[in-house]
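missing the sequence, but the structure's below:
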């Protein structure tokens, strides 16, 4: 059995070889180094590269399983995997901690006016009268109620916030005071002081938010996007911010990435931008490898996978 | 019975009058408006003004109780209150939520590199490679284990941090994995990635931290001061930061307030300053009045106080 990784895994490489002496491992720094024979023979593929397209899958004739070292799988040709009966697992959960920390970093940066106080520091102004609002009595709404929003919602509750989650079936979820149907979103926007998108990109979530969504939100709403940029067209978001339909946005993801230096977003006063870094973490590869190990053990023993299996129809 | 407030309390004034029709209330915008007769006759005083000195107390011949609308009572002549058998209560707890929010705002601003990413935004740089450290595996040490650090430590635990508290007797406290004796601090500094001061100013805490303390901390330590500036001489702190004995400091309080525009702190790269605003909140007066009401009811019924009584010997 041949496992091919299209990235180097540092210390994890020796660990994998020691744990699975019966398995052959090959590690490449980049997909371009992969020999054709390995591509044709590999049983399992580890990667997070955008190069895995239909042509690649066609040539990987022996491939049975892809372990994707990221959470969002929208870059992969899911239909093609389904046709070829290739299983897919991902690194869901690995990013929960980092994304939760970024969410509260953004939220408190805004509510505690840190950019304004830093400008005062640079100008040597001691403004003792500044009073900042508290997040404690605020209502935070998450689009999506999976592992990441659950982890974030639990902390929000500890801060004294009210937590609302929207999901496809309206099912209850840990950490949320209330959950509702995502399709009824217009009924609930007015309750939210903060709206956070953490939805994955699927056919159903692409451009889910339209200009009407932002019109239905409260003018004081803070919008935070840590999910996928394609939840809303950049133009729609720019207009909503320009017209003050919402108060402000913190964005880590964009409709087109990398964000163009010509993007209008750079010209707005009421937006804070980071460069799709909220999932980057020092321990991501180690934690994703942990998930892979659990699955590989099961795969060798029983021929099936048990953790983080992606539903190829749903796309997450 | 006469209750005098040296600040206006907005809607709370009518509420107090309605709740206690048998009590006479007088509200002044500033101590300078207080008539001598009221000063001589008042039974109870509500204030947070630095004007309450020995001379003031001497003239307030009928005064039995001061309700201090702040937490730190170091500006009051505590010895003089003791001699004159004047009870003191404060607004402890009212600021816990705001201070906790500021603590995590500072912490995440640093760990998530928000100042660096904002500089990138202003320069239209899309730096997708940036990886930020997580607070999850870090150890946070609090000097003091009262209401505020307990509230903060509970949230720190929810984020996955290890929490250590130092206090005068080493007693256990809610939210802390470990608590130790404050006087043994040199033994424990090396465990901490983040050290937070939330101690009140008393004779024992004044200049508690010396240059030796910062030498004993780890070079990567982040120091956060939300307690009182007098915990350390400004010069000692400036030297520690200049010599990189610690990595960085977030300071909301200073040895001398307001902070002078000539302070050397303004010239350091590794310090973030706010203007003693971490206790300012829109609901502080309402919440402090709530504490006052509980006490006044008890005072009228039984002649004693029950909540937030300051020990005049300890100073907190």
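Looks like it came in fine. Quick caveat, the model's predicted, so the values are computed rather than measured.

Pull out the buried positions in the longest helix seen in chain A.
Scanning chain A for the helix with the most residues, using DSSP state H, yields helix A:284-302. In terms of neighbour count (16 or more other C-beta atoms under 10 Å in any protein chain shown), helix A:284-302 has its buried residues at A:284-285, A:287-293, A:295-296, A:299. C-beta here means a position set from N, CA and C on the backbone, and glycine is covered the same way.

where do the strands sit along the stretch 101-250 of chain A?
Read by DSSP state E, counting those that start in this stretch, the stretch 101-250 of chain A holds these strands, from start to end of the chain: A:139-143, A:162-167, A:178-181, A:194-197, A:222-225, A:248-251.

What residues does the stretch 101-250 of chain A have near chain B?
Residues of the stretch 101-250 of chain A lying close to chain B (C-beta under 8 Å from any C-beta of the partner chain) are A:101-102, A:104-105, A:108-109, A:111-112, A:114-115, A:117-118, A:120-121, A:124-136, A:154-155, A:158-160.

filter those residues to the buried ones?
For these, a neighbour count by 16+ other C-beta under 10 Å gives the buried set as A:101-102, A:104-105, A:108-109, A:111-112, A:114, A:117-118, A:120-121, A:126, A:132-136, A:155, A:158-159.

Test for you: state the pLDDT assigned to residue A:168.
We have a pLDDT of 95 for residue A:168.

Quick check: it touching residue A:184?
No. If you go by C-beta atoms under 8 Å, residue A:168 and residue A:184 don't touch, sitting 11.2 Å apart.

With neighbour numbers in mind, choose between those two.
residue A:168 (14 against 10; other C-beta atoms under 10 Å in any protein chain shown).

Now that one: closest residue in space that isn't a chain neighbour?
residue A:182 (5.6 Å; C-beta to C-beta, 6 or more residues apart in numbering or on different chains).

The one you found and residue A:306, how far apart?
Residue A:182 sits 28 Å away from residue A:306 when distances are taken as C-beta to C-beta, to the nearest Å.

what do you get for residue A:227?
Distance from residue A:227 to residue A:306, by C-beta to C-beta: 26 Å.

Of these two, which one has the most company?
Neighbour comparison, residue A:227 and residue A:306: the larger count goes to residue A:227, with 26 against 13 (by other C-beta under 10 Å).

contacting residues around that one?
Each residue near residue A:227 by C-beta atoms under 8 Å, 6 or more residues apart in numbering or on different chains is listed here: A:143-144, A:197-201, A:205, A:253.

just residue A:237 next, same as before
A:214, A:249, A:251, A:265.

how about the helices of chain A, start to end?
Counting by DSSP H, chain A has these helices, from start to end: A:11-19, A:36-41, A:54-59, A:78-83, A:96-111, A:114-122, A:147-158, A:185-188, A:211-216, A:234-242, A:284-302.

Out of those helices, which is closest to residue A:70?
Closest approach to residue A:70 among the helices of chain A is made by helix A:284-302 (8.2 Å; C-beta to C-beta).

Can you name every helix or strand that the closest one contacts?
Secondary-structure packing of helix A:284-302 (3 or more C-beta pairs under 8 Å, 6 or more residues apart in numbering or on different chains; DSSP states H and E): helix A:11-19, strand A:44-47, strand A:65-68, strand A:87-89.

quick one, phi/psi of the residue nearest the centre of chain A?
Chain A has residue A:227 as the residue nearest its centroid, 4.4 Å off, counting by C-alpha atoms, centre = their mean. When read as degrees, to the nearest 10, the backbone of residue A:227 gives phi -90, psi -100.

coming back round to it: so how far is the longest helix of chain A off the chain centroid?
In terms of C-alpha atoms, centre = their mean, to the nearest Å, the centre of helix A:284-302 is set 21 Å apart from its chain centre.

residues in contact with stretch A:103-113?
Contacts to stretch A:103-113, defined as C-beta under 8 Å, 6+ apart, come from residues A:114-115, A:130, A:132-135, A:138, A:140, A:152, A:155, A:194, A:196, A:222, A:224, A:226, A:248, A:250, A:272, B:101-102, B:104-105, B:108-109, B:111-112, B:114.

Actually, stretch A:42-52.
A:1-7, A:9, A:26, A:30-31, A:60, A:62-70, A:75-77, A:292, A:296, A:299.

likewise stretch A:308-316?
Stretch A:308-316 has contacts (C-beta under 8 Å, 6+ apart) with A:68, A:73-74, A:78-79, A:81-82, A:87-93, A:146, A:200-203, A:291, A:295.

would you turn the helices of chain A into CSV with mean pLDDT?
Below are the helices of chain A laid out as CSV (pLDDT from 0 to 100):
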stretch, mean pLDDT
helix A:11-19, 96
helix A:36-41, 97
helix A:54-59, 96
helix A:78-83, 96
helix A:96-111, 96
helix A:114-122, 98
helix A:147-158, 95
helix A:185-188, 98
helix A:211-216, 98
helix A:234-242, 98
helix A:284-302, 95
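
Distance to residue A:278 for the ones you listed - can I get that in CSV?
Below are the helices of chain A laid out as CSV (distance: least, C-beta to C-beta, whole Å):
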stretch, distance to residue A:278
helix A:11-19, 23
helix A:36-41, 33
helix A:54-59, 28
helix A:78-83, 24
helix A:96-111, 4
helix A:114-122, 17
helix A:147-158, 10
helix A:185-188, 23
helix A:211-216, 22
helix A:234-242, 17
helix A:284-302, 12
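
any chance of the helices and strands packed on helix A:284-302 in TSV, with distance to residue B:172 and mean neighbour count too?
Shown next, in TSV, are the helices and strands packed on helix A:284-302 (distance: least, C-beta to C-beta, whole Å; neighbours: other C-beta atoms under 10 Å in any protein chain shown):
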stretch	distance to residue B:172	mean neighbour count
helix A:11-19	38	13
strand A:44-47	46	24
strand A:65-68	44	22
strand A:87-89	43	20
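
May I see those arranged in CSV, with distance to residue B:49 as well?
Formatted as CSV, those follow (distance: least, C-beta to C-beta, whole Å):
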stretch, distance to residue B:49
helix A:11-19, 61
strand A:44-47, 66
strand A:65-68, 63
strand A:87-89, 64
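
how about those, which one is nearest residue B:276?
Each of those was scored for nearness to residue B:276 using C-beta to C-beta, and the closest is helix A:11-19 (46.8 Å).

for the closest one, packing partners?
The elements that helix A:11-19 packs onto, with contact taken as 3+ C-beta pairs under 8 Å, 6+ apart, are strand A:24-27, helix A:284-302.

Try it again at 6 Å.
strand A:24-27 (3 or more C-beta pairs under 6 Å, 6 or more residues apart in numbering or on different chains; DSSP states H and E).

What lies in contact with the strand it packs on?
A:2-5, A:8, A:13, A:16-17, A:38 (C-beta atoms under 6 Å, 6 or more residues apart in numbering or on different chains).

Closest to chain B out of these?
Ranked by distance to chain B (C-beta to the nearest C-beta), those are led by residue A:8 at 15.9 Å.

Just give the nearest non-adjacent residue to residue A:152, would you?
In space, and not counting its chain neighbours, residue A:152 is closest to residue A:100: 4.5 Å by C-beta to C-beta, 6+ apart.

swap that for residue A:112, sorry
Residue A:112 sits nearest to residue B:105 (C-beta to C-beta, 6+ apart), 4.0 Å away.

cool, and residue A:71?
Per C-beta to C-beta, 6+ apart, closest to residue A:71 is residue A:92, 4.9 Å.

And the one you found, how close does it get to residue A:181?
Taking C-beta to C-beta, one finds residue A:92 at 23 Å from residue A:181.

Would you mind confirming that residue A:12 makes contact with residue A:290?
No. Using C-beta atoms under 6 Å, residue A:12 is not in contact with residue A:290; the gap is 9.1 Å.

ok, residue A:228 to chain B distance?
Per C-beta to the nearest C-beta, to the nearest Å, residue A:228 is found 15 Å from chain B.

One more: residue A:62?
According to C-beta to the nearest C-beta, residue A:62 stands 33 Å off from chain B.
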